[in-house]
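Asker: Only the shape, not the letters, is given here:
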């Protein structure tokens, strides 16, 4: 099972087929970071204009909310170009998923060592 994009929401802009396709294409790379047996992996994406009135010009926001194995992860990026914001949020999502995966592996190994020690009769 791969990570499934539940929704793509646009705020303050029209969600064109080109934007939808670009989001799906760029975030498809996250599949390899999710365990194949994790059937509960899901993702929602929001793209649009920010309401930061102190900036001149348009500032675009891309936000990804993921639920992976019961853990919620959120990545956000802003940029003057919508497509660059999507690329930045993808990079941030990859970083977060990699850290999550390393943390899970570390905790698993820590538990395995404790269990092995328990089986040997140690404390």
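Answerer: On my side now, so go ahead. Values in this document were obtained by computation on a predicted structure and should not be read as measured data.

Asker: and the gap between residue 48 and residue 111?
Answerer: 42 Å (C-beta to C-beta, to the nearest Å). No exception for glycine: its C-beta is placed from N, CA and C like everyone else's.

Asker: which of these two has more neighbours?
Answerer: residue 48 (19 against 10; other C-beta atoms under 10 Å).

Asker: Could you spell out the sheet neighbours of the strand or helix carrying that one, each with its direction?
Answerer: Using DSSP states H and E, the element containing residue 48 is strand 42-49. According to DSSP bridges, strand 42-49 forms sheet pairs with strand 4-11 (parallel), strand 60-68 (antiparallel).

Asker: looking at those, which has the lowest confidence?
Answerer: When those are ranked by mean pLDDT, strand 4-11 comes last with a mean of 86.

Asker: what is the rounded mean pLDDT of the helix or strand residue 18 falls within?
Answerer: Using DSSP H and E, residue 18 sits in helix 17-27. For helix 17-27, the mean pLDDT works out to 91.

Asker: what is the orientation angle of that helix with strand 4-11?
Answerer: 140 degrees (axes from the mean of the first three to the mean of the last three C-alpha atoms, to 10 degrees).

Asker: and helix 17-27, how far from the chain's centre?
Answerer: 15 Å (C-alpha atoms, centre = their mean, to the nearest Å).

Asker: Please point out which parts of that helix sit buried.
Answerer: 19, 22-23, 26-27 (16 or more other C-beta atoms under 10 Å).

Asker: For this structure, name the helix or strand with the lowest mean pLDDT.
Answerer: Taking mean pLDDT, DSSP states H and E as the measure, the helix or strand of the chain with the lowest value is strand 4-11, at a mean of 86.

Asker: what's the helix or strand for the residue nearest the centre of the chain?
Answerer: The residue lying closest to the centre of the chain (C-alpha atoms, centre = their mean) is residue 93, at 3.9 Å. Per DSSP H and E, residue 93 falls inside helix 82-119.

Asker: Quick check: mean pLDDT of that helix?
Answerer: Mean predicted confidence for helix 82-119 is 88.
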